[in-house]
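In: here you go, sequence then predicted model.
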Amino acid sequence: MTAGSRGDVAPYTGLGHGLARGGHEVTLVTHECFAPLAARAGLGFRPLPVDPRAELESARGRGLHRSATGVGKLVRVIALARSLAGRMMEGLLGAAKDSDVLLLGGAVGPLGHAIAEGLRLPSLGVYLQPLAPTREFAPPVLATGSWGGAANRIAGYGVNLAVEHVFAATVPGVRERLGLPAMGSAAALRARERQGWPVLHGFSPLVVPRPHDWRPGLDVTGYWWPCEGEAELPGPVREFLERGPAPVFVGLGSATVPDPRGLSAGIVRALRRAGLRGVVQRGWAGLEADGDDMLTVGEVPHSLLFPRMAAVVHHCGAGTTAAGLRAGVPAVPVPVQFDEAFWAARLVRLGVAPQVLPLRRLGVDALAAALARVTGDAGFRERARALGARIRAEDGVSPVREALGRVGS
């Protein structure tokens, strides 16, 4: 069960496919627009209402661009998500009634856990970001580094309570309907901690090592790779790649931007100033690029495209960051919001990106200089290639399969 944009859904197709190969019957429960992802992976599907792209393009969604700080964006997105949570409740509950175990993404964790408790079903958290409080770094949705051990941990609890608040108007009714005693948001969070509710995190310990102060039951498994089925690179993409040197990929995934045309023009100028060809992905931002040295693409599997790139310029969503690391290519991180700055800083720390260029301060000169550096310095390519090989050797599905054996016994 998950909610959000494509990056909040695609990794679970790979996890589900791996579990299905191990003998489980797996159903993906998420927004109806992502049904093709489940079909491609050979998974069952149960739809949830809400079109995440339409919500981001609504007046409320566009309001996210008016927040310059992580705290401001978090407040706005919580208000947006809170208004949508009730609309998804019936779909989650109906799917749960037909299930034996619930695997809950971070975006639906509090509501899904209440449903599991009420139906007396075992459940696991399967998170794509490190949400549990730790002294080792500040909450990824708020900051890129550390505010000091105590402040990091306090802020982490604050973010967790904020996530609980998303469902504060929905969970009480679910608990009453399922015969559970009333419980406030803070009490529910403490109860899960006391119970040692298991949460497995689908990212590599090479990228974010498991914090030493996490409680037992919080584990890092390795990435869950999207299942692309029998997908192939489209003919026009193959032809473009074969016509010249390896290009640079530019895409912002599910991020939206206030001025797609202006941003697209700046990206093209920066690529040409650096002497590079470009593959520009439209994404939800609506980017476009023209000319013999540029190719605009729609949805193309990153697993097929990224290994053919000289570098990747992206928004640093958790899934796109993972795809670039897996491909073993260096990056220019252009974070837009939420946890993206966290992943961007990790890429720089790992030595596979020269610097972070936040979208708010992205200029032609800065992007061209970063592109020239990341493609001209062999050190970035060598470090990315070595790290990619190590990440590809990890198996993120087996720990989840083993955890399912424990909770189901």
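Out: Everything's here; your move.
In: centre-most residue in the chain?
Out: Central residue of the chain (CA atoms, centre = their mean): A318, 3.6 Å from the mean position.
In: what pLDDT does the nearest residue in space to it that is not next to it in sequence get?
Out: In this structure, A318 finds its nearest non-sequential neighbour in L128, 4.8 Å apart by CB to CB, 6 or more residues apart in numbering. Yep, even glycine has a C-beta here, placed from its N, CA and C like the rest. pLDDT, the model's per-residue confidence, is 95 for L128.
In: next: R6.
Out: In this prediction, R6 carries a pLDDT score of 88.
In: check L142 too.
Out: So L142 comes in at 84 (pLDDT).
In: next, it: phi, psi?
Out: Phi and psi for L142, reported as degrees, to the nearest 10, are phi -110, psi -30.
In: sketch out the low-pLDDT regions of this structure for me.
Out: 52-84, 408-409 (pLDDT under 70).
In: any idea how it splits into domains?
Out: Per automatic domain parsing, the domain ranges recorded for the chain read 6-223+394-407, 235-392.
In: just to be sure, G125 is in a strand?
Out: Yes - secondary structure assignment places G125 in a strand (DSSP: H, G, I helix; E, B strand; the rest coil).
In: can you count the residues close to the residue nearest to it when sequence neighbours are not counted?
Out: Residue nearest to G125 in three dimensions, not counting chain neighbours: V199, with 3.4 Å by CB to CB, 6+ apart. Here the neighbour count serves as a burial measure; for V199 (other CB atoms under 10 Å) it reads 23.
In: oh, and call the first residue 49 from now on, that's how I've got it
Out: Yep, numbering from 49; the last one is V247 now.
In: V247 touches G265, doesn't it?
Out: Yes - the criterion here is CB atoms under 8 Å, and V247 meets it with G265 at 6.7 Å.
In: ok, now how distant is R394 from V149?
Out: Relative to V149, R394 is positioned 31 Å away (CB to CB, to the nearest Å).
In: comparing those two, which shows the higher neighbour count?
Out: Taking R394 and V149 together and counting by other CB under 10 Å, R394 has the greater number of neighbours (21 against 15).
In: which strand or helix spans the more buried one?
Out: R394 belongs to helix 388-397 when assigned by DSSP states H and E.
In: same check on T344?
Out: T344 is located in strand 342-345, with elements delineated by DSSP H and E.
In: next structured bit after that strand?
Out: The C-terminal neighbour of strand 342-345 among helices and strands, as given by DSSP H and E, is helix 350-353.
In: who are the packing partners of that next one?
Out: Helix 350-353 sits against helix 366-375, with contacts defined as 3 or more CB pairs under 8 Å, 6 or more residues apart in numbering; DSSP states H and E.
In: could you report the neighbour count for the residue nearest to G365 when sequence neighbours are not counted?
Out: Distance criterion CB to CB, 6+ apart; nearest residue to G365, sequence neighbours excluded, is G55 at 4.2 Å. The local packing count at G55 equals 21, with neighbours defined by other CB under 10 Å.
In: may I have the residues that are in contact with G55?
Out: Shown in contact with G55 (CB atoms under 8 Å, 6 or more residues apart in numbering): 176, 301-302, 365-368.
In: where exactly do the strands run in the stretch 199-348 of the chain?
Out: Ranges of strands in the stretch 199-348 of the chain, per DSSP state E, counting those that start in this stretch, are 247-249, 266-268, 296-299, 326-329, 342-345.
In: out of these, which is closest to D425?
Out: The closest approach between D425 and any of the strands of the stretch 199-348 of the chain, judged by CB to CB, belongs to strand 296-299 at 14.2 Å.
In: off-centre distance for the helix or strand V361 falls within?
Out: Per DSSP H and E, V361 falls inside strand 359-362. Averaging C-alpha coordinates over strand 359-362 and over its chain gives two centres that are 16 Å apart (CA atoms, centre = their mean, to the nearest Å).
In: partner strands of it, parallel or antiparallel?
Out: Strand 359-362 has the following sheet partners, assigned by DSSP bridges: strand 296-299 (parallel), strand 379-381 (parallel).
In: make a markdown table out of these and add distance to G227.
Out: Supplementary listing: the strands paired with strand 359-362 in a markdown table, determined by distance: least, CB to CB, whole Å:
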| stretch | distance to G227 |
| --- | --- |
| strand 296-299 | 47 |
| strand 379-381 | 48 |
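In: distance between the ends of stretch 226-246?
Out: Here the two ends of stretch 226-246 are set 22 Å apart, with distance taken as CA to CA, to the nearest Å.
In: pull the residues that contact it.
Out: For stretch 226-246, the external contacting residues (CB under 8 Å, 6+ apart) are 158, 161-163, 165-167, 171-173, 208-209, 212-213, 215-216, 219-220, 223-224, 263-267, 451, 454-455.
In: mind listing what's buried along that stretch?
Out: In terms of neighbour count (16 or more other CB atoms under 10 Å), stretch 226-246 has its buried residues at 231, 233, 236-237, 240-241, 245-246.
In: can I assume V214 is in contact with P158?
Out: Yes - because the distance of 7.3 Å satisfies CB under 8 Å, V214 is recorded as touching P158.
In: before we move on, back to that, in helices, which of the buried residues of stretch 226-246 appear?
Out: Members of the buried residues of stretch 226-246 lying in helices (criterion: DSSP state H): 233, 236-237, 240-241.
In: from the contacts of G55, which single one is nearest P188?
Out: The closest of the contacts of G55 to P188 turns out to be A366 (CB to CB; 9.1 Å).
In: contact partners for that closest one?
Out: Taking CB under 8 Å, 6+ apart, we find A366 in contact with 55, 59, 176-177, 251, 387, 391.
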